[in-house]
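Asks: Provided below are the primary sequence and the corresponding predicted coordinates.
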Amino acid sequence: MTKQVQACQKLWAQNKYLVLSKSQKIYREIREYLKNDQPELAVLETYIEEAKALPEDPGQVVNAYQHVWGYFKKLATDQEKVDFMNLLSAYWEGQVEQDQLAEAARRLLASYPNDYLGQSKLLEQ
């Protein structure tokens, strides 16, 4: 594997859920692009910046955090699941901000560490 491919994989791992929280279309485009034998870091960065520039879309955000929840669903307690799902619903209803979802995910990550998810830019919000 070339250094360029490794750099693309690392950047994608960091930004995958952030992109998903903005645009499922761009997310799919990037996944398709990365099947290329020689992906270019600059192209990937352009896709990511395009996604980050989009306005917040609650449906996309909820989808991304449902994917994040997947890392915890077999580990979390029943109460943690109820709390997280209630928070997702409250976000969907406009009662809480996205940063509260990120904070809840960071708390779960502290209890149930995952190196891959821990590098996600989505949770830095």
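Replies: The structure has been received and is ready for your questions. Since we're looking at a predicted model, the values are computed, not measured. Numbers count the residues shown, from 1 in each chain.

Asks: Distance check, the residue nearest to the spatial centre of the chain against P113.
Replies: Among the residues of the chain, the one closest to the centroid is Y17, at 1.7 Å (Cα atoms, centre = their mean). Distance, Y17 to P113, by Cβ to Cβ, to the nearest Å: 17 Å. C-betas here are computed from N, CA, C, even on glycine.

Asks: right, and V5 touches P39 too?
Replies: Yes. At 6.5 Å, V5 counts as touching P39 under the criterion of Cβ atoms under 8 Å.

Asks: re the thing from before, from Q38, how far out is the residue nearest to the centre of the chain?
Replies: For Y17, the distance to Q38 - Cβ to Cβ - is 25 Å.

Asks: Next up, phi/psi of N36, please.
Replies: Dihedral angles of N36 (phi, psi; degrees, to the nearest 10) stand at phi -60, psi 140.
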